[in-house]
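1. based on what follows, work out the 3D shape:
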Amino acid sequence: MSKRVNRVALIGTGFVGSSYAFAMLNQGVTEELVLIDLNKEKSEGDAMDLNHGLPFAPSPTSIWYGDYSDCRDADIVVICAGANQKPGETRLDLVEKNTKIFKSIVDQVMNNGFDGIFLVATNPVDILTYAVWKYSGLPKERVIGSGTILDTARFRYLLGDYFQVDSRNVHGYIIGEHGDTELPVWSHADIAGKTIADWVKKKEQYKQEDLDQLFLNVRDAAYHIIERKGATYYGIAMGLVRLTKAILQNENSVLTVSAYLDGKYGQSDVYIGVPAIVNRKGIRDVIELHLNQDEQEKFTHSAEVLKKTMKPFFSNN
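-> Numbering: from 1, shown residues only. Sure thing, here's the model as predicted:
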């Protein structure tokens, strides 16, 4: 009996999409990777370039430039297409441009018989993930946004750097909108089971004001990077690969993704960044953290900002 072949269809081969494809090849995540983009020559060039690296890859991967008909047999469709965030522009400013683009993309994917899982990376990711869920008609568990997966990684990295501990041993979450209203869950942040608050008490060199600034650096990281190089793509591409692996390998991993809430955290009918268990079926469960009063108020505010921004585009909100 032949082994099942995994297929990932990538829509949008700009900075994020091509970085994702490169990281996918380097980690040997899938057997088939199809690149789809309006710019046919760019995608064909990417497919050629990536194929030339196959002798150095950890496992065989079939990579080609394709079209929406290739989505029919895909396990995952990853959407990185859309207008980019410009200097001085917030992620929410992109809503109008990208909802129109997404309606066309999702219609074409679904018209070709796709019945897998959507991963959405384009900003504003929470609203566009909601849009994909609405446009596709798929169950909410099978439409996932990258959410605060990168913000959480930035948070862990900076905490590890501050306390001089390997970031893989730092546990903490950034939740809420992937954007200006996101928040750190300090009440559940820890290193080796010891809360961050305990670490701060332990030595005079650690100060809460340093941690407050650390979070601002997490929240505003994209702005700082965009000012310097015009776009962010390596970090989010690696986060997307991590999410893809969790799905294809049925890992039941806990990742902070944009997931649909229907009552948890006191919110309904919104996609927003929260910890969730991810496996081959998509989102198995959303984990509801016990937030303190300040955190709950900030999370509620974040959700309300998303809902208010979405309202003109989705009449039932």
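2. make it CA atoms for all contacts and neighbour counts henceforth
-> OK.
3. quick one: residues in contact with stretch 160-169.
-> Stretch 160-169 is contacted from outside by 156-159, 170, 191-192, using CA atoms under 8 Å, 6 or more residues apart in numbering.
4. determine which two of those are furthest apart.
-> 158 and 192 (16.0 Å; CA to CA).
5. more neighbours: which of these two?
-> residue 158 (20 against 10; other CA atoms under 10 Å).
6. I'd like the average pLDDT over whichever strand or helix holds that one.
-> Assigned by DSSP states H and E, residue 158 belongs to helix 149-163. In this model, helix 149-163 has an average pLDDT of 96.
7. tell me where this protein has helices.
-> 15-27, 40-51, 95-111, 125-136, 149-163, 196-202, 208-219, 221-229, 234-248, 293-310 (DSSP state H).
8. circling back to that earlier point, tell me the one among the contacts of stretch 160-169 nearest to residue 305.
-> For those, the nearest to residue 305 is residue 156 (25.5 Å; CA to CA).
9. list the contacts for that closest one?
-> Residue 156 sits next to 167-168, 170-172 when contact means CA under 8 Å, 6+ apart.
10. list only buried entries from these.
-> 167, 170-172 (16 or more other CA atoms under 10 Å).
11. can you list those residues in a markdown table and add pLDDT and distance to residue 69?
-> Output for these, formatted as a markdown table (pLDDT from 0 to 100; distance: CA to CA, whole Å):
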| residue | pLDDT | distance to residue 69 |
| --- | --- | --- |
| 167 | 95 | 41 |
| 170 | 97 | 43 |
| 171 | 97 | 41 |
| 172 | 97 | 40 |
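12. let's have those residues in TSV, adding distance to residue 95.
-> What follows is the buried ones among the contacts of residue 156, written out as TSV (distance: CA to CA, whole Å):
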residue	distance to residue 95
167	33
170	34
171	32
172	29
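13. which one of those is nearest residue 118?
-> Using CA to CA, those come closest to residue 118 at residue 172, 25.8 Å.
14. what's the burial count for residue 298?
-> 17.
15. I figured it hits residue 185, correct?
-> No. Contact criterion CA atoms under 8 Å: residue 298 and residue 185 do not qualify, at 10.2 Å.
16. which stretches of the stretch 151-300 of the chain have low pLDDT?
-> For the stretch 151-300 of the chain, not a single residue meets the criterion pLDDT under 70.
17. ok so, going back, and which of the contacts of residue 156 is nearest residue 57?
-> For the contacts of residue 156, the nearest to residue 57 is residue 168 (24.8 Å; CA to CA).
18. and that closest one, how close does it get to residue 216?
-> 21 Å (CA to CA, to the nearest Å).
19. follow-up on the earlier one: quick one: the contacts of stretch 160-169 as CSV, columns for distance to residue 40 too.
-> Listed next are the contacts of stretch 160-169 as CSV, based on distance: CA to CA, whole Å:
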residue, distance to residue 40
156, 38
157, 37
158, 39
159, 42
170, 42
191, 47
192, 49
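20. need phi/psi at the residue nearest the centre of the chain.
-> Centroid check for the chain by CA atoms, centre = their mean gives residue 146 as the closest residue, at 1.2 Å. Backbone torsions of residue 146, given as degrees, to the nearest 10, read phi -70, psi -20.
21. start at 9 instead
-> Understood, numbering begins at 9; the last thing we discussed is residue 154.
22. now for it: which residues touch it?
-> 127-129, 133, 247-248, 251, 264-266.
23. so what pLDDT did it get?
-> 97.
24. quick check: nearest residue in space to residue 310, chain neighbours excluded?
-> Using CA to CA, 6 or more residues apart in numbering and skipping the chain neighbours, the partner closest in space to residue 310 is residue 189 (5.1 Å).
25. what about that neighbour, distance to residue 198?
-> Residue 189 is 22 Å from residue 198, by CA to CA.
26. pretty sure residue 152 contacts residue 287?
-> No. Counting by CA under 8 Å, residue 152 does not reach residue 287; the two are 11.5 Å apart.
27. check which residues of stretch 35-49 are buried.
-> For stretch 35-49, burial by neighbour count (16+ other CA under 10 Å) applies to 36-45.
28. what does the residue nearest to residue 310 show for phi and psi?
-> phi -100, psi 10.
29. can you give me the neighbour number for the closest residue to residue 24 other than its chain neighbours?
-> Leaving aside its sequence neighbours, residue 24 sits nearest to residue 241 (CA to CA, 6+ apart; 4.6 Å). Neighbour count for residue 241, taken as other CA under 10 Å: 17.
30. next one: residue 241 from residue 143, what distance?
-> As judged by CA to CA, residue 241 and residue 143 stand 26 Å apart.
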